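S.K.: Have a look at this prediction, sequence included:
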Amino acid sequence: MIRGLVAVACLAAVLAAAVLWFLTAPAVPAIALEPHSSNLDNGREMFFAGGCSSCHAVPRQKDSTRLGGGLALNSPFGKFYVPNISSDPHDGIGGWSEVDFIAAMTLGVSPQDEHLYPAFPYTSYHNITQNDLRDLFAYLKTLPPVAGKVRDHDLRFPFNIRRMVGLWKLLFFDSTPLKPDASQSAQWNRGSYLANGPGHCAECHSPRNIFGAVIERLRFTGGPSPDGQGGVPNITQYSLKDWSAKDIAGTLADGVTPDAGLVGGNMIEVVGNTSKLTAGDRDAIAVYIKSLPAVQGRTQKK
């Protein structure tokens, strides 16, 4: 009797493991690409909107076009090392196809059919349109190749089992792209797109659950700093009620706040990127941010 129960339990465990292995497999549906003429100016705009150089530029050097990676990112799960995304064909993404790039950016799957950890914010980048991604990819290919592989991530068990990212995606990743809101203006929709897509503002400006997923009901209400130093502020109207859209756009342009202060922490690098956007795109982001309803969030005190 006991031997039979043990056998059934073992079989159930094997079947459960097989189902889990199947469900967590990286999946990339066929990606159809229509003819497209790359717009490098738009690719540059996406590059700065996405803040690509802030993470992927080689640390401790001033050239933001040297995207050889290597930056260490601390997290509750261990340390991530940002990869080389330069045009180098061996160590970077110079050997990738457009489909490879789109799959990585929108589905978090590498050309080697491995899950990418969501420390890379494909949870926001999946909102970027296919044409904008193709323009970004074309722009990245104009930047200099940088030789050198980046070391592997240093993650604790079980987070170092990459296949388990597939389970995380099943629980927390909705790859449905952002849709325009017909009730809002074209400017608001552009700002929403930039903030929730390439700008990935919520990735830093939101608290996360114990599994590292953004808590949607507290989106944009602030959270701990990615580098562990201090916190990232609430950018809903709970904290920015006294800021005008013009104030927000101005801060994105020069880093000066309405009270004549200066942004600090990682926001310094963000402004380094947003200052290079067109004034129209900064204004659009500002209009969208100004529209966010007031939510206190976890990081605020009454």
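M.R.: Cool, got the structure.
S.K.: Between its first and last residues, how far does stretch 117-131 reach?
M.R.: End-to-end distance for stretch 117-131, by C-alpha to C-alpha, to the nearest Å: 24 Å.
S.K.: if you average pLDDT over it, what comes out?
M.R.: Throughout stretch 117-131, pLDDT has a mean value of 96.
S.K.: go on, stretch 241-255?
M.R.: Stretch 241-255 comes out at a mean pLDDT of 95.
S.K.: who touches the spatially most central residue of the chain in this structure?
M.R.: The C-alpha lying nearest the average C-alpha coordinate of the chain belongs to residue 121 (C-alpha atoms, centre = their mean; 2.1 Å). Residues near residue 121 by C-beta atoms under 8 Å, 6 or more residues apart in numbering: 200, 203. Backbone N, C-alpha and C define where each C-beta goes, glycine included.
S.K.: Tell me the spacing between it and residue 42.
M.R.: Using C-beta to C-beta, to the nearest Å, residue 121 is found at 20 Å from residue 42.
S.K.: Hmm, residue 117 and residue 104 touching each other?
M.R.: No: the pair residue 104 and residue 117 fails to qualify as a contact (C-beta atoms under 8 Å) at a distance of 11.7 Å.
S.K.: isn't residue 277 right up against residue 45?
M.R.: Yes: contact criterion C-beta under 8 Å: residue 277 and residue 45 qualify, at 6.4 Å.
S.K.: Can you give me the first-to-last residue distance of stretch 76-85?
M.R.: 25 Å.
S.K.: So what touches it?
M.R.: The contact list for stretch 76-85, computed with C-beta under 8 Å, 6+ apart, reads 52, 55-56, 67-73, 91-93, 117, 119, 140, 146, 148-156, 159-160, 212.
S.K.: taking the mean pLDDT, what do you get for that stretch?
M.R.: 94.
S.K.: What residues of it count as buried?
M.R.: By neighbour count on 16 or more other C-beta atoms under 10 Å, the buried set for stretch 76-85 is 77, 78, 80, 82, 83, 84, 85.
S.K.: Also stretch 131-141?
M.R.: Buried-residue list, stretch 131-141, by 16+ other C-beta under 10 Å: 132, 133, 134, 135, 136, 137, 138, 139, 140, 141.
S.K.: what about that stretch, distance to the chain center?
M.R.: 16 Å (C-alpha atoms, centre = their mean, to the nearest Å).
S.K.: got the residue ranges for the strands in the stretch 1-150 of the chain?
M.R.: Secondary structure of the stretch 1-150 of the chain (DSSP state E, counting those that start in this stretch): strands at 72-75, 78-81.
S.K.: Please name every helix or strand in contact with the first one.
M.R.: The reference is to strand 72-75. Packing partners of strand 72-75 (3 or more C-beta pairs under 8 Å, 6 or more residues apart in numbering; DSSP states H and E): strand 78-81.
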